[in-house]
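Enquirer: give me the fold of what follows.
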Amino acid sequence: MLGFTLVMASMGLGLVTYISSQERLDEIVRQIARGMSRGQVASLLVIEAMTVAIAGILVGLVAGVLPAYLYNASIARREGLTLLPPVDFSSSMVLLAFVSLMALWIGSLAAAKKASGVRLEQALRVRR
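Expert: Okay, here's the model as predicted:
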């Protein structure tokens, strides 16, 4: 169930990247018109999405593991138990994180490809 949740969240972030790239279409077209290749634009969008995802993972780990550790430490002190690590990073957790990042990468790559594939003459036309 956790794996499904992680993959769906990653695909959701890919969708957010797609929507963001469509809203920033004027900026993307200007970048292409100034000489950026379509591959560079796609790379820029993918790196942006991956940066947001990795920052979110790190903040989420700190926000989740730190309170869990403090809670376990308080219970261990009160009950006289040995404190164990709050999270068991097993191979399945690493695999789930990898699959989620790959799903995010694929989703953001598809969004970046679509955004960088816009025709300049169509996007630069005068808007009223």
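Enquirer: element containing the residue nearest the centre of the chain?
Expert: Computing the C-alpha centroid of the chain and ranking residues by Cα atoms, centre = their mean puts residue 53 first, at 2.7 Å. Here residue 53 sits within helix 38-79, counting by DSSP states H and E.
Enquirer: so which elements touch that helix?
Expert: Judged by 3 or more Cβ pairs under 8 Å, 6 or more residues apart in numbering; DSSP states H and E, helix 38-79 is in contact with helix 2-23, helix 25-33, helix 91-116. Where you see a C-beta, it was placed from the backbone N, CA and C, and this is true even at glycine.
Enquirer: quick one: which of those is nearest residue 45?
Expert: Within the helices and strands packed on helix 38-79, the stretch nearest residue 45 is helix 91-116; the backing value is 3.8 Å (Cβ to Cβ).
Enquirer: what comes up buried for that closest one?
Expert: Neighbour-count burial for helix 91-116, counted by 16 or more other Cβ atoms under 10 Å, picks out 96, 100-101, 103-105, 107-113, 115-116.
Enquirer: low-confidence ranges in this protein?
Expert: Along the chain, the model assigns pLDDT under 70 to residues 1-3, 6-7, 84-93, 122-128.
Enquirer: residue farthest from the centroid of it?
Expert: residue 80 (40.8 Å).
Enquirer: surely residue 15 meets residue 107?
Expert: Yes. The pair residue 15 and residue 107 qualifies as a contact (Cβ atoms under 8 Å) at a distance of 6.7 Å.
Enquirer: excluding chain neighbours, what is closest to residue 49?
Expert: residue 108 (3.7 Å; Cβ to Cβ, 6 or more residues apart in numbering).
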